[in-house]
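Student: what's the 3D shape of this:
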Amino acid sequence: MIYAILAMVLLPNVSHGSESECLARIMHSEASGEALEGLIAVGQASINRSKATKKSVCNIRGVTRKNPPPIIAKYYLNLAGAILDGGVSIVGAADSWDRDKTPRYAGKITRRIQHHTFYISKRL
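Tutor: Here you go, the predicted model:
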């Protein structure tokens, strides 16, 4: 799974328009400095939150959105496109995460990846 997504990242631009751009910003803001697996997990949990709340990825709440530096923006955009095209999630149905702490409002914890704990929120 990881290798398929990595291969897609290395291909020319995969574009989903604003959804990809929003997801790229979320991944950069919430998981920059993490390995590929952590970036993918945050992206997939963001998509799960979007589905759970019936909102666009661009309109989900509780996440930060900072533009990646221009030198790596294409990487994040391609990764976001690949995640939006993906089918299998490495975080299951998790729609929320916390970094370096036990989630206060956690429902069922689905996975821990690097510094993040992914869970299905009871509060969405």
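Student: Please name the residues that touch the residue nearest to residue 42 when sequence neighbours are not counted.
Tutor: Once flanking residues are discounted, residue 42 sits nearest to residue 31: 4.2 Å by CB to CB, 6 or more residues apart in numbering. To be clear about C-beta, it is placed using only N, CA and C from the backbone, and glycine gets the same treatment. By CB atoms under 8 Å, 6 or more residues apart in numbering, residue 31 lies in contact with 38-39, 41-42, 116.
Student: Tell me which helix or strand comes right after the lengthiest strand in the chain.
Tutor: Ranked by residue count and defined by DSSP state E, the top strand of the chain is strand 106-113. Note on strand 106-113: by DSSP states H and E, the next helix or strand toward the C-terminus is strand 116-121.
Student: average pLDDT for that next one?
Tutor: Mean pLDDT, strand 116-121: 91.
Student: Same question for stretch 46-64.
Tutor: 94.
Student: Quick check, central residue of this structure?
Tutor: Central residue of the chain (CA atoms, centre = their mean): residue 43, 1.1 Å from the mean position.
Student: which SS class is it?
Tutor: helix (DSSP: H, G, I helix; E, B strand; the rest coil).
Student: ok, back up a step: buried ones among the contacts of residue 31?
Tutor: 38-39, 41-42, 116 (16 or more other CB atoms under 10 Å).
Student: coming back round to it: report all helices and strands that the longest strand of the chain contacts.
Tutor: Applying 3 or more CB pairs under 8 Å, 6 or more residues apart in numbering; DSSP states H and E, one finds that strand 106-113 contacts helix 36-53, strand 116-121.
Student: Walk me through which strands the shortest one pairs with, and which way each runs.
Tutor: In its sheet, strand 116-121 lies beside strand 96-99 (antiparallel), strand 106-113 (antiparallel), with partners assigned from DSSP bridges.
Student: The ones you listed into JSON lines, with extra columns for mean neighbour count and distance to residue 51?
Tutor: As requested, the strands paired with strand 116-121 are exported to JSON lines (neighbours: other CB atoms under 10 Å; distance: least, CB to CB, whole Å):
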{"stretch": "strand 96-99", "mean neighbour count": "21", "distance to residue 51": "13"}
{"stretch": "strand 106-113", "mean neighbour count": "17", "distance to residue 51": "15"}
